[in-house]
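[1] heads up, no residue letters with this:
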């Protein structure tokens with residue numbers, strides 16, 4: 001495995017498989033929100049630099065895969081439009097849209113830096129997943145392309161680019 005992109009893709013597939021197994025475990029144990037938040041925090045701390053470069057995005061993709069096969073516990077419960085669009089991009093396999101949506105994810109605090117923003121979005125995704133009911137059917141697959149964000153790639157990205 002001399003090609004760096006191939007090595008990165010293999011490593012990231014392993015990371016995503018670990019994330020999926022962890023999500024399965026948290027769901028099957030009916031873990032509370034604190035357990036989910038602690039898990040996200042532990043992934044963030046153990047990821048170090050790769051948190052910003054790829055792991056936060058790959059975790060969001062993994063959570064989105066599970067959300068694609070779930071529905072709100074209450075049939076009339078609204079879902080966040082950003083989350084719906086992000087999950088739709090995962091389901092359709094539109095990697096470009098998924099990356100753009102990830103880069104444009106917003107939180108209530110417009111002054112939040114990427115660390116706060118990524119964590120808040122992931123905690124929100126965990127909360128939605130934890131309170132959803134599962135649906136039958138296969139989940140979308142792993143994010144196949146190697147992903148490694150440079151600092152400048154996320155700055156200035158906008159959902160407007162999807163138009």
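    Here it is on my side, so go on. These figures come from a predicted structure and were not determined experimentally.

[2] strands of this protein, residue ranges please.
    Secondary structure of the chain (DSSP state E): strands at 70-72, 132-134.

[3] what does the first one rub up against?
    Read it as strand 70-72. In this structure, residues lying in contact with strand 70-72 by CB atoms under 8 Å, 6 or more residues apart in numbering are 78-79, 128-129, 131-135. For glycine as for every other residue, the C-beta is placed from the backbone atoms N, C-alpha and C.

[4] mind listing what it pairs with, with the direction of each?
    If you go by DSSP bridges, strand 70-72 pairs up with strand 132-134 (antiparallel).

[5] so for the partner strand, what's the average pLDDT?
    Mean pLDDT, strand 132-134: 89.

[6] any buried residues in it, and which?
    Using 16 or more other CB atoms under 10 Å as the test for burial, strand 132-134 gives residue 132.

[7] spatially central residue in the chain, please.
    residue 60 (0.4 Å; CA atoms, centre = their mean).

[8] low-confidence stretches in the chain?
    Applying pLDDT under 70 to the chain picks out residues 1-2, 151-163.

[9] what's the neighbour count on residue 72?
    13 (other CB atoms under 10 Å).

[10] residue 146 and residue 7: what is the separation?
    8 Å (CB to CB, to the nearest Å).

[11] residue 91 too?
    Counting by CB to CB - residue 91 and residue 7 are separated by 28 Å.

[12] those two: who's more crowded?
    residue 91 (15 against 12).

[13] quick one: the helices in this protein, in order.
    In the chain, the helices defined using DSSP state H lie at 4-28, 33-47, 50, 56-68, 81-92, 95-103, 114-130, 151-154.

[14] deepest in the core, which of those helices is it.
    Ranked by average neighbour count under the criterion mean count of other CB atoms under 10 Å, the helices of the chain are headed by helix 56-68 at a mean of 23.

[15] that helix - contacts with which helices or strands?
    Secondary-structure packing of helix 56-68 (3 or more CB pairs under 8 Å, 6 or more residues apart in numbering; DSSP states H and E): helix 4-28, helix 33-47, helix 81-92, helix 95-103, helix 114-130.

[16] who touches the residue nearest to residue 63 when sequence neighbours are not counted in this structure?
    Closest residue to residue 63 apart from its sequence neighbours, by CB to CB, 6 or more residues apart in numbering: residue 125 at 4.4 Å. Going by CB under 8 Å, 6+ apart, residue 125 touches 60, 63-64, 67, 83.
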